[in-house]
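Visitor: this one's sequence-less:
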């Protein structure tokens, strides 16, 4: 494939493995980020809030891996001008990262889902469950584990099909390089649905020290997130997702990772065993 594939969020949880996965297939990858690696000749500066960076990122591109700007309460107005320019420039295939909790047309990522399907001839929207990386990386969940040996949520006994970002990236790579689109909308999960109480037991076992799940109300969680530095609007939207988990909306397991990639998705225990040091 000689035309470059643009990867936004190229240093993120899914973007980085998408870049490496595509390059391992011999693809030319334009890694887009606010601070491009000077050692990467195909990297390009890209900033969602600076439209002057769009043209260079899109030059000659026909396929995009799209990750909306993180931490933005309403990303759709920010993403729309970029997608409209991409469509005008002849981009055909867009593989967009969304969420299993957000359906097409719903606020935030659901609006971007609609744009991708409406603007491009070969759309694929990935709707993964919650990332396993939330237990180990720069995330409030991981900070709670390391600081107080607690996982604080408003999910009750609701279950999630936690998924490794590497498995999401593997699906994205296949969706970007496949001769024909692999699907318009793909819901992705790990191999099992777990409550945070069950996840805390696995963390405890792997880390060798007790970690407990603390269940709070939706309002209490939103207040905690606001005090942690999020805007009130964004904190409320995240807390509302926990409420939906509590209601059982995310208690699902799909076979999509295996169906698309041919490999078994990683379990939470397997993931944490590899990243045990990040739990300390």
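Guide: Received the coordinates, thanks. Everything numeric in this text was worked out from a predicted model, so none of it was measured.
Visitor: which other helices and strands contact the longest helix along the chain?
Guide: In the chain, assigned by DSSP state H, the helix with the most residues is helix 232-246. For helix 232-246, the elements it packs on are helix 218-227, judged by 3 or more Cβ pairs under 8 Å, 6 or more residues apart in numbering; DSSP states H and E. Where C-beta positions appear, they are placed from N, C-alpha and C, glycine not excepted.
Visitor: For the helix it packs on, buried residues please.
Guide: 218, 221, 222, 223, 224, 225, 226 (16 or more other Cβ atoms under 10 Å).
Visitor: quick check, nearest of those to residue 165?
Guide: Each of the buried residues of helix 218-227 was checked against residue 165 using Cβ to Cβ; the closest is residue 225, at 21.3 Å.
Visitor: Now that closest one: closest residue in space, sequence neighbours ignored.
Guide: residue 235 (3.6 Å; Cβ to Cβ, 6 or more residues apart in numbering).
Visitor: what's the one you found in contact with, if anything?
Guide: Residue 235 is in contact with 222, 223, 225, 226, counting by Cβ atoms under 8 Å, 6 or more residues apart in numbering.
Visitor: what's the spacing between the first one and residue 239?
Guide: Note on residue 222: its distance to residue 239, by Cβ to Cβ, to the nearest Å, is 4 Å.
Visitor: Pairing partners for the one helix or strand residue 127 maps to, with directions?
Guide: Residue 127 belongs to strand 122-128 when assigned by DSSP states H and E. With DSSP bridges as the test, strand 122-128 is paired with strand 93-97 (parallel), strand 185-188 (parallel).
Visitor: next helix or strand past the shortest one?
Guide: From strand 185-188 onward toward the C-terminus, using DSSP H and E, the following helix or strand is strand 194-195.
Visitor: Now do the helix or strand that that next one is followed by: everything it contacts.
Guide: Downstream of strand 194-195, the first helix or strand assigned by DSSP H and E is helix 196-207. Residues from elsewhere that reach helix 196-207, judged by Cβ under 8 Å, 6+ apart: 135, 145, 151, 153, 155, 157, 159-160, 162, 194, 210-213, 215, 268-269, 272-273, 276, 279-280.
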